[in-house]
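Build me a model from this:
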Amino acid sequence: MTAASSMPAEFTVKLTDVDDTERLGAVLAASLPDGIVVFLQGQLGAGKTCLVRGLLRALGHKGAVKSPTYTLLEEYSLAGREIIHFDLYRLTDPEELDLIGIRDYFNGKACCFIEWPQRGEGYLPVEDLVIQLSVDGNGRLARISARSETGVILLQSIQPGLGQQFG
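Numbers count the residues shown, from 1 in each chain. I've put the predicted structure just below:
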């Protein structure tokens, strides 16, 4: 067993407000490996796009970040990285993903963040990390689960930052 695989595969963090959610995105950005696939789950308004916004801003994005609900995806080139933000909420049939060449984005280089991944079932690769956001009083809970060795390594690298940021 490697050191990475002996680490816990799940971690939960309390997010008290929008700033915390964006801060979680920034913590992820600091350790993001190329080619990672992250599934973002949670009800409407849970903070999925807010988390991606924090990640993009930490990588140097200055403009607005909105959910690509109608376009299905937004591409960003930042800090020498390719970040793809998908929102599959309005997808009516997973086969529509073939029309946008979905498989081309999972090239081992681009970091892909996918909202509503269950709507693309059968057309998406296996996820490395799942971030489940849920409402918790006035804040949110983020349950981060590793689903691959890459995910475990990322979770291991961000845990110290989570502890410092969210105590």
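
And the strands in the chain, which stretches?
Along the chain, the segments classed as strands by DSSP state E run 10-15, 37-41, 73-78, 81-87, 111-115, 129-136, 139-146.

mean confidence score for the fifth one?
In other words, strand 111-115. Taken as a whole, strand 111-115 has a mean pLDDT of 97.

got the CA positions of it in CSV?
Presented in CSV, the C-alpha positions along strand 111-115 are these (Å, rounded to 0.1, in the frame of the first residue of the first chain):
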residue,chain,number,x,y,z
CYS,A,111,-8.7,20.0,-15.4
CYS,A,112,-12.4,19.3,-15.7
PHE,A,113,-15.1,20.4,-13.2
ILE,A,114,-18.5,18.9,-14.0
GLU,A,115,-21.7,20.1,-12.4
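
Now do that strand: distance to the chain's middle.
Relative to the chain's own centre, strand 111-115 is displaced by 5 Å; criterion: C-alpha atoms, centre = their mean, to the nearest Å.

What of the first one?
For strand 10-15, the gap between its own C-alpha mean and the chain's C-alpha mean amounts to 14 Å (C-alpha atoms, centre = their mean).

which stretches of the protein form helices?
18-29, 48-58, 96-99, 102-105, 149-166 (DSSP state H).

Tabulate the ones you listed in a markdown table, adding columns for mean pLDDT, distance to Asp87 and mean neighbour count.
From N, CA and C alone the C-beta is placed, and that goes for glycine too. Shown next, in a markdown table, are the helices of the chain (pLDDT from 0 to 100; distance: least, C-beta to C-beta, whole Å; neighbours: other C-beta atoms under 10 Å):
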| stretch | mean pLDDT | distance to Asp87 | mean neighbour count |
| --- | --- | --- | --- |
| helix 18-29 | 94 | 15 | 21 |
| helix 48-58 | 95 | 7 | 24 |
| helix 96-99 | 90 | 12 | 14 |
| helix 102-105 | 91 | 13 | 16 |
| helix 149-166 | 83 | 21 | 17 |
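
Gln165 versus Ala29, what's the distance?
From Ala29 across to Gln165, the span is 13 Å (C-beta to C-beta, to the nearest Å).

quick one on the thing from earlier: make JSON lines out of the helices of the chain and add distance to Thr71.
Formatted as JSON lines, these follow (distance: least, C-beta to C-beta, whole Å):
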{"stretch": "helix 18-29", "distance to Thr71": "20"}
{"stretch": "helix 48-58", "distance to Thr71": "13"}
{"stretch": "helix 96-99", "distance to Thr71": "12"}
{"stretch": "helix 102-105", "distance to Thr71": "13"}
{"stretch": "helix 149-166", "distance to Thr71": "27"}
